[in-house]
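**Q** have a look at this fold, sequence not included:
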C-alpha cells in the first residue's frame, strides 16, 4: 500500500514543499492560530541538504494519517482539559468530569505514543537516513504524550482516593491556586503569541520563535542565531520583554505564595504530629523527665503541682515541640528542593550531552551550559542547535521556574535567615556590642543556638496588618456590639442588677477580644500567645485551666472521629471535651493559626450568647457568664496587660459619654 508521503524520495518531497510554499501559506497561518499544540504547527520530518544540519533542514510533508491522528489526539486532550476546568469551576460534577478527564488524557497520550513509535521506525524515515531528521514538532509530541499520561495517572489516584473518602469529591481552588492557574495560562499565551509575531517578522520557523521567546522572557539570553535583526523586531522587543518580565515575576510570586499557603501548612502539621508522638513516648516516670531531642532532656513531673502548673508544663513542652518541628520542616524542605534542583541540573545536562553530540558536547560542557542557564547567566558561548535540544530546552527551562523559586524560598527560611542572625550576633560581639557585655552575649547566643535560632523572632505590629473588607465589616459590627453591651451593663449596674451587668459586660469583652483577634489574624509570622493569654481566652470560652474535669493525660489513647480535622477542644459548639496541650485535640495542633483558632471560637461564643439573650426561656437568659466583671477587673489589675488598660479606658470613656461631665462631678 502506497501512502502519500512515504513513497517519494527525500529530494522529491523537498521539491514538493518548495513548490507549494505559496499554496500552503494560508493553511500554515491557520495552524499558527492554535499555538498551544506545538506538535501540529510544523512537519515531523526535515530534509538535511548536503553540508547542512537538521536545524536548517527543509520540512517534508507529513502523511495525512499522521495529521488526522494528531488532530484527534488534540481533540481528546482539549475535551479532557475542558472537563477538568468545568469541574474546578463547579459547572460539572465530579462523577462526570473525572471519567471524561481521565479517559480523554489517556486516549490523547496513547495516540501520540503510537505516532511517536511509528515515527521512530524506518517506515516513517526516508532513505538515506543521513539526509533525514526529526523536527522539533516530533519531540514536542513526545513530551506531550508523557505529560498527558502522567496527568491522567494522577487523576486516577485522585478519583480512587475521593471514592474511598480520603479526598473531597470536588476541587475547591484557593485564591492562590486560582491566581497561579490564570497567570500561568496568561504567560503561556503571551509567550506563544510573541513567538508567532517575531517568527513572522524575523523569518523564523514558529517553533524556533518559541525557543527564542522562552530564553528571552526567562532572561537567559542565549543569543547566537536567534536574535532580532530587523528594526521592527528590535522595536517590538522593548514592550514585549518588559511585559514578559512582569508576568514571570507574577508567576514566581504566586508559586511562592501557594507553597507557603498549602504545602507549608500540610508539612508542618505532619512534622508536629510525628514529633509530638515521639516526645510523649519518651516520658520517663521514674526519672520524671521527657526527651525533646538527642541532646535535650528536661524535667517533666506532674506530682506536687497544681492543675494550672501541670497544664503550663504541658504547654511549654508543646511550644518546644512546635519550635523543633518547624526547624526540622525548614531544613527538610530545603533538602528536598535542593535535591530537585540538582536532579534538574544533572538530568538536563545529560539530555543536552546526547542531543548536542554533533557539536561535541561533553558532560562537563553540558553541566556548564545547564548551570549558566539555570542561573540565567546566559553567556552564549554554548547553545543548543539540534531540534531535540531546542524542544527539551523550552520544557526544561519552564520546569526550572517553580523548582528554583521553591529552592530560593526555602533558602530564605533557613540558610539566609541563619546567616543574617549570625551576622547580627557577630556584630554584637565586635563593632556593635550589646549592653549586657561580651560574656553575657556568648551565653545568650549559646542558649539560643541550642534552641535553633540566634535571634528572637519579632512580630509585626498589628496596626500595619492588612484587613479584608469582610474583616473590616465584622470589626465595625463588633464595635457596635461593644458600645451597646457596655451601655446596658452600666444601666444594669446602676439599678443594682449585678447578674445582668456581668452578662452584658461579658458580651462587651467577647466583642472587644474578637476585634483584637481580627488584627492578629494577618500578622506574619503567625502570632503565638503566652500561657497566661491562653488561660484568659479559654476562660472566656468557659474552660478553666484550674478545673481538671475537662483535661486528660496526653498519653491516653483515643479514637479519631473519622474526619481529617482534629477533634480539638471547645470545637463542638460549646460541648466541652477532655483534651491536653500535648494531645491531638490541643489548640496548638491542626492547620489553623492561634488567632484563627481563637477568633473562630470566640465569634461562635458571641453568636451563641446573642441567641441566648433572645431566647423565651428566662433561665437561659439569666445563666451566669463563665467569668464575672469583678474577675476581669482583677485580671487587668494584677497583670497590667495592654488589653486590660484598653478595657478600663473604654469603660471610663463610655461612662463619660453617657453621663457627661456634670453627672461625673455630682457623683464625685
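**A** Nice, thanks for sending it over. On a predicted model such as this, the values are computed, not experimentally measured, just so you know.

**Q** tell me how the protein divides into domains.
**A** 10-172, 465-556+567-667 (automatic domain parsing).

**Q** least reliable of the ones you listed going by mean pLDDT?
**A** Between the domains of the chain, the one with the least mean pLDDT is domain 465-556+567-667; it has a mean of 71.

**Q** and for residue 46, the neighbour number?
**A** Neighbourhood size, residue 46 [other Cβ atoms under 10 Å]: 29. Just so you know, the C-beta spots here come from the backbone N, C-alpha and C atoms, and that holds for glycine as well.

**Q** which SSE is it in?
**A** strand 45-47 (DSSP states H and E).

**Q** which elements pack onto that strand?
**A** helix 10-19, strand 58-60, strand 132-134 (3 or more Cβ pairs under 8 Å, 6 or more residues apart in numbering; DSSP states H and E).

**Q** each with direction, which strands does that strand pair with?
**A** Partners of strand 45-47 in the sheet, by DSSP bridges, are strand 58-60 (antiparallel), strand 132-134 (antiparallel).

**Q** counting neighbours, which bits of the following helix or strand past the last one end up buried?
**A** If I follow you right, that is strand 132-134. Later in the chain than strand 132-134, the nearest helix or strand by DSSP H and E is helix 136-163. The neighbour-count check on helix 136-163 (16 or more other Cβ atoms under 10 Å) flags 136-145, 147-149, 151-152, 155, 158-159, 162 as buried.

**Q** could you dump the domains of the chain into TSV and include distance to residue 383?
**A** Listed next are these as TSV, based on distance: least, Cβ to Cβ, whole Å:
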stretch	distance to residue 383
domain 10-172	11
domain 465-556+567-667	42
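
**Q** tell me which of those domains lies nearest to residue 307.
**A** Of all the domains of the chain, domain 465-556+567-667 sits nearest to residue 307, with 4.9 Å by Cβ to Cβ.

**Q** element containing residue 96, please.
**A** Per DSSP H and E: residue 96 is located in helix 94-119.

**Q** and for residue 358, the neighbour number?
**A** Neighbour count of residue 358, defined by other Cβ under 10 Å: 12.

**Q** my bad, residue 599
**A** Neighbour tally, residue 599, other Cβ under 10 Å: 22.

**Q** OK, contacts around it?
**A** Going by Cβ atoms under 8 Å, 6 or more residues apart in numbering, residue 599 touches 514, 517, 518, 521.

**Q** that one belongs to a helix?
**A** Yes: looking at residue 599 with DSSP: H, G, I helix; E, B strand; the rest coil, it is inside a helix.

**Q** dihedrals phi and psi, the closest residue to residue 503 other than its chain neighbours?
**A** Counting by Cβ to Cβ, 6 or more residues apart in numbering, residue 625 is the residue found nearest to residue 503 once chain neighbours are left out, at 5.6 Å. Main-chain dihedrals, residue 625, degrees, to the nearest 10: phi -70, psi 160.

**Q** distance of residue 625 from residue 201?
**A** Per Cβ to Cβ, to the nearest Å, residue 625 is found 75 Å from residue 201.

**Q** what about the residue nearest to residue 219 when sequence neighbours are not counted, how many residues nearby?
**A** Leaving aside its chain neighbours, residue 219 sits nearest to residue 376 (4.8 Å; criterion: Cβ to Cβ, 6+ apart). Neighbour count for residue 376, taken as other Cβ under 10 Å: 14.

**Q** same question for the one 4 residues further on.
**A** Taking other Cβ under 10 Å as the criterion, the count of residues near residue 380 is 14.

**Q** so what's it scoring on pLDDT?
**A** Listed pLDDT for residue 380 reads 86.

**Q** ok but it is inside a helix, no?
**A** No: according to three-state DSSP, residue 380 belongs to no helix; its state is coil.

**Q** how about the closest residue to it other than its chain neighbours, secondary structure?
**A** The spatially closest residue to residue 380, leaving aside those adjacent along the chain, is residue 223, at 3.7 Å (Cβ to Cβ, 6+ apart). Assigned by three-state DSSP, the conformation of residue 223 is coil.

**Q** same deal with residue 52?
**A** Three-state call for residue 52 (three-state DSSP): coil.

**Q** from residue 124, how far off is it?
**A** 21 Å.

**Q** neighbour-wise, which of those two wins?
**A** Taking other Cβ under 10 Å, residue 52 and residue 124 do not tie; residue 124 has more neighbours (21 against 13).

**Q** find the residue closest to that one in space, skipping its chain neighbours.
**A** residue 118 is the one closest to residue 124 (Cβ to Cβ, 6+ apart), at 5.6 Å.

**Q** and for residue 311?
**A** Closest residue in space to residue 311, ignoring its immediate chain neighbours: residue 545 at 5.1 Å, by Cβ to Cβ, 6+ apart.

**Q** and that neighbour, which of the three is it?
**A** Per three-state DSSP, residue 545 ends up coil.

**Q** hang on, isn't residue 59 packed against residue 43?
**A** Yes: with contact defined as Cβ atoms under 8 Å, residue 59 counts as touching residue 43 (4.1 Å).

**Q** quickly list what's touching both of those two.
**A** With Cβ under 8 Å, 6+ apart, residue 59 and residue 43 have common neighbours residue 135.

**Q** does anything pack onto the helix holding residue 96? Which helices or strands?
**A** Using 3+ Cβ pairs under 8 Å, 6+ apart: helix 94-119 touches helix 64-88, helix 136-163.

**Q** buried residues of the shortest one, list them for me.
**A** Within helix 64-88, the residues that count as buried by 16+ other Cβ under 10 Å are 66-67, 69-70, 73-74, 76-77, 79-81, 83-88.

**Q** next, the angle from that helix to helix 94-119.
**A** For helix 64-88 against helix 94-119, the angle by axes from the mean of the first three to the mean of the last three Cα atoms, to 10 degrees is 160 degrees.

**Q** who are the packing partners of helix 64-88?
**A** In terms of contacts (3+ Cβ pairs under 8 Å, 6+ apart), helix 64-88 is packed against helix 38-41, helix 94-119, helix 136-163.

**Q** tell me, how many residues neighbour the residue nearest to residue 124?
**A** So residue 118, with other Cβ under 10 Å, has 14 neighbours.

**Q** so how far is residue 111 from it?
**A** Distance from residue 118 to residue 111, by Cβ to Cβ: 11 Å.

**Q** in contact with residue 266, which residues?
**A** Counting by Cβ under 8 Å, 6+ apart, residue 266 has contacts residue 591.

**Q** I'd like the contacts of residue 599 as TSV, with secondary structure, distance to residue 363 and neighbour count appended.
**A** Below are the contacts of residue 599 laid out as TSV (DSSP: H, G, I helix; E, B strand; the rest coil; distance: Cβ to Cβ, whole Å; neighbours: other Cβ atoms under 10 Å):
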residue	secondary structure	distance to residue 363	neighbour count
514	helix	62	22
517	helix	58	24
518	helix	57	22
521	helix	52	19
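
**Q** got CSV for those, with distance to residue 586 too?
**A** As requested, these are arranged in CSV below (distance: Cβ to Cβ, whole Å):
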residue, distance to residue 586
514, 22
517, 19
518, 23
521, 20
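
**Q** now do the end-to-end distance for stretch 47-58.
**A** 5 Å (Cα to Cα, to the nearest Å).

**Q** kindly apply the preceding question to stretch 54-66 instead.
**A** Stretch 54-66: ends 21 Å apart by Cα to Cα.

**Q** chain center to it: distance?
**A** Centroid separation for stretch 54-66 versus its chain: 43 Å, with Cα atoms, centre = their mean, to the nearest Å.

**Q** mind listing what's buried in that stretch?
**A** Within stretch 54-66, the residues that count as buried by 16+ other Cβ under 10 Å are 54, 55, 57, 58, 59, 60, 61, 62, 63, 66.

**Q** now do the contacts for the closest residue to the first one other than its chain neighbours.
**A** Counting by Cβ to Cβ, 6+ apart, residue 54 lies nearest to residue 133, which is 3.7 Å off, once chain neighbours are set aside. Contacts for residue 133 were tallied using Cβ under 8 Å, 6+ apart; they are 45, 46, 48, 54, 57, 387.
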